[in-house]
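Participant: Dropping a prediction and its sequence here:
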Amino acid sequence: MHIVLAGGGVDSTVVIAQCVKAGIKPVLLFCDYGQRSAYQERLAVSRLARHYGLRHEVVRSYFPSHDDHIMFDPDAAYVNHTIAPEVANSMGSRAWIIPYRNLFLLSVAAMVAGVKGTEEVWVGFDAANAGSTADCRQDVVDYFQQAVTLAADGTPPFTIRSPLTNVAKSTIYRRGVRLDVPFELTWSCYNNFSKRCGVCTACAARKYLSAKVGLDDPIQYLSEVELESRLTKEAYADYVRCR
């Protein structure tokens, strides 16, 4: 059995596509930890599972307080305050970063893998995010593998596969194009609207990278009218000032 830690975004979807091409039929594991975009991410994983003919499972683990971080607040509309392409490409503002999130997700995947007797756990951590979230670097993954092995009395219970940790973001997008990834089914927005907001760091990065690799991204973003009605007055004013 193989597991892909799936979040509905482009990175993990490229990993899914790589597995499928290699003849692996993984179970897609989605973790709802109370993130504001969990509903749309969960829908994306469900649709991707249906597209690839795979099974998916959901683990829910809520943090005790959602008032301490903007990414847990369902009522806050996060707008990237600097939408310059070079900033978007480096993932921009640090406001979206949840400390040690990837270590938490690896722990959840390890627990599920241990219960199910999984052979491999695949993750979509990538080089671009490593600059701002160190827990998605390859050395961190390697140390986590060592910790799991130590906890299993020295015998590795499963292998963690992280094929994108040294791959540039634009290369990941190009690989997705070659693998015929259904980009329209993925969700990269940090907000939880019915459409992608188009102005958060994730959306800004996606627009930039799609243009860079020549991808005609089929997803829909909120219109100006919809943005003004969905965002708080303060957030919309920030968006207008920075665009």
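Facilitator: Perfect, I can see it now.
Participant: how many neighbours does G154 have?
Facilitator: Under the neighbour criterion other Cβ atoms under 10 Å, G154 is assigned a count of 7. For every residue, glycine as well, the C-beta is placed using N, CA and C.
Participant: what are the phi and psi values for it?
Facilitator: Dihedral pair for G154: phi 100, psi -10, per degrees, to the nearest 10.
Participant: In contact with it: list those residues for me.
Facilitator: Counting by Cβ atoms under 8 Å, 6 or more residues apart in numbering, G154 makes contact with nothing.
Participant: Distance check, it against D139.
Facilitator: Here G154 is placed at a distance of 21 Å from D139 (Cβ to Cβ, to the nearest Å).
Participant: Please enumerate the strands of this structure.
Facilitator: All strands of the chain, identified by DSSP state E, fall at 2-5, 27-32, 56-60, 120-122, 159-161.
Participant: buried ones in the first one?
Facilitator: By neighbour count on 16 or more other Cβ atoms under 10 Å, the buried set for strand 2-5 is 2-5.
Participant: what are the bridge partners for the closest residue to A38 other than its chain neighbours, then?
Facilitator: Take A38 and drop its neighbours on the chain: the residue closest to it by Cβ to Cβ, 6 or more residues apart in numbering is D32, 4.5 Å away. Beta-bridge pairing for D32 (DSSP bridges): R60.
Participant: Tell me, how many residues neighbour C189?
Facilitator: A total of 27 residues lie near C189 under the criterion other Cβ under 10 Å.
Participant: so what's it up against?
Facilitator: Taking Cβ under 8 Å, 6+ apart, we find C189 in contact with 37, 40, 196-198, 200, 202-203.
Participant: From those residues, which land in helices?
Facilitator: Of those, the ones assigned to helices by DSSP state H are 40, 202-203.
Participant: Just among these, which is most surrounded?
Facilitator: Ranked by neighbours (other Cβ under 10 Å), the ones in helices among the contacts of C189 are led by A202, which has 24 neighbours.
Participant: Skipping adjacent residues, who's closest to it in space?
Facilitator: S188 (4.6 Å).
Participant: Need the per-residue pLDDT for that neighbour.
Facilitator: Looking at S188, its pLDDT is 89.
Participant: again with the one 3 residues further on
Facilitator: Looking at N191, its pLDDT reads 81.
Participant: just I97 next, same as before
Facilitator: I97 is given a pLDDT of 71.
Participant: A77 too?
Facilitator: At A77, the predicted lDDT confidence score is 55.
Participant: Please pull out the lowest mean pLDDT helix or strand from this structure.
Facilitator: In the chain, the helix or strand scored least confidently by mean pLDDT, DSSP states H and E is helix 85-89, which has a mean of 41.
Participant: For A205, see how far away the residue of the chain positioned farthest from its centre is.
Facilitator: Computed with Cα atoms, centre = their mean, the residue of the chain farthest from its C-alpha average is D153, at 31.7 Å. Applying Cβ to Cβ, the value for D153 to A205 is 42 Å.
Participant: got it, and Q146?
Facilitator: Using Cβ to Cβ, Q146 is found at 32 Å from A205.
Participant: These two: which is more packed in?
Facilitator: Neighbours per residue, other Cβ under 10 Å: of Q146 and A205, the larger number sits with A205, 24 against 11.
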